[in-house]
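> Build me a model from this:
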Amino acid sequence: MAKLKEILAIIETICPKSLQESYDNSGLQIGNPESSCHKILLALDFREDVLAEAIEEQADLIITHHPLLFQPLHSIDGSKGKGRLIYDLIEKGLALLSLHTNLDKAPFGVNVALADRLGLIDREILCPEEDTSPPEETEHRVGLGCLGRLEEPQHLADFADKVKETLLLPVIKYTGNAEKRISSVAVLGGSGASMMEEAAKMGADAFVSGDFKYHDGDKAAELGLALIDAGHYGTEVGVLEPLAEKLRVITGMEILISKKCKDIWAYH
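Residues are numbered from 1 along each chain as shown. Now for the predicted structure:
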């Protein structure tokens, strides 16, 4: 068993808060750094069912990707919504930590996990952070997104099927000519529309991300870029397993992945 502040210090070494985007609110959301911690539950989002799961599993710390406290709160009403979750966390003595855009950028993070799952090789960072490390230390470089290539070119429709099957998705949507040959692929977990031009500029044939809007398809067509919308949840949830394994190795603690946290969207 360790102090929460010791766990936070360890996590800071692998996923430093300094990596987060300026608009973000990663870090400790709720909790006492002096409290004890012996078991951690990982989830993409923090909701009531995840809290119930943590209590049932007797976890002391919940780590999510998306922050509970993202926009400023003007009041905390313990009878509903986020206020109730905050009250419950404090009453149960549980801590909540969020690793958001710093986990997106981490060398083992959201985008690397997505590229791994899709089997991309010869990879580089789509939008790298300014880096002063030596050229041989490329595995330590960070940034948003990944660009790589498939081992063998595929038709767009076939690659879309592969994305759907690999990410265990009930449905997928894509833009572009189904017979287009896809070799170079850009990926960005979560909402990636703002990176379409960068993906095209880097030579991507297709861009896998989530939350694309209707007119994003028109813009992508002008750029000569196929879009594959694998959903916000589907493109990010794959990071939980590599994060869990990394934490098991460096902390020696029991690390669980939530079975209750699911995609907020249902499909028919």
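> can you give me the strands in the stretch 151-268 of the chain?
173-174, 181-191, 206-210, 226-229, 254-257 (DSSP state E, counting those that start in this stretch).
> Out of the ones you listed, which is the most enclosed?
Of all the strands of the stretch 151-268 of the chain, strand 206-210 has the most neighbours on average by mean count of other C-beta atoms under 10 Å, namely a mean of 27. C-beta: built from backbone N, CA, C; applies to glycine.
> now the helices for the stretch 101-250 of the chain?
Applying DSSP state H, counting those that start in this stretch to the stretch 101-250 of the chain gives helices spanning 101-105, 110-117, 156-166, 196-201, 214-223, 232-236, 240-251.
> Pull the contacting residues for K80.
Residues near K80 by C-beta atoms under 8 Å, 6 or more residues apart in numbering: none.
> and L147, which of the helices of the stretch 101-250 of the chain is closest to it?
helix 196-201 (7.2 Å; C-beta to C-beta).
> Now do the buried residues in the closest one.
Neighbour counts over helix 196-201 (16 or more other C-beta atoms under 10 Å) mark 196, 198-200 as buried.
> Then stretch 47-64?
47, 50-51, 53-54, 59-64.
> Now go through those and say which are in helices.
In helices, judged by DSSP state H, the following of these are found: 50-51, 53-54.
> What about Y267, how many residues nearby?
Neighbour count for Y267, taken as other C-beta atoms under 10 Å: 8.
> How about the contacts made by it?
Counting by C-beta under 8 Å, 6+ apart, Y267 has contacts 170-171.
> Read off the pLDDT value for it.
Predicted confidence (pLDDT) for Y267: 89.
> What is the most widely separated pair among the buried residues of stretch 47-64?
Farthest pair in the buried residues of stretch 47-64, by C-beta to C-beta: R47 and D60, 18.6 Å.
> give the contact list for the nearest residue to G217 once chain neighbours are set aside.
In space, and not counting its chain neighbours, G217 is closest to T175: 4.1 Å by C-beta to C-beta, 6 or more residues apart in numbering. Shown in contact with T175 (C-beta under 8 Å, 6+ apart): 217, 220-221, 226-227.
> Quick check: phi and psi at T175.
Per-residue torsions, T175: phi -120, psi 150 (degrees, to the nearest 10).
> what does A2 give?
phi -130, psi 170.
> Can you check the pLDDT for the closest residue to it other than its chain neighbours?
Spatial nearest neighbour of A2, chain neighbours left out: C37 (5.7 Å); criterion: C-beta to C-beta, 6+ apart. pLDDT recorded at C37 is 96.
> need the contact list for C37.
C37 is in contact with 1-4, 6-7, 60-61, 95, 253, counting by C-beta under 8 Å, 6+ apart.
> my guess is A178 contacts F159, does it?
No - using C-beta atoms under 8 Å, A178 makes no contact with F159, being 10.0 Å away.
> Between the two, tell me which one has more neighbours.
Remark: of A178 and F159, F159 carries more neighbours, 24 against 11, as counted by other C-beta under 10 Å.
> so what's the nearest residue to that one once chain neighbours are set aside scoring on pLDDT?
Of all residues not flanking F159 in the chain, I182 sits nearest, at 4.8 Å (C-beta to C-beta, 6+ apart). pLDDT, I182: 98.
> same thing with H74?
89.
> Give me the neighbour count for it.
So H74, with other C-beta under 10 Å, has 5 neighbours.
> Next, it: phi, psi?
phi -100, psi -10.
> Would you mind measuring from it to K82?
For H74, the distance to K82 equals 11 Å [C-beta to C-beta, to the nearest Å].
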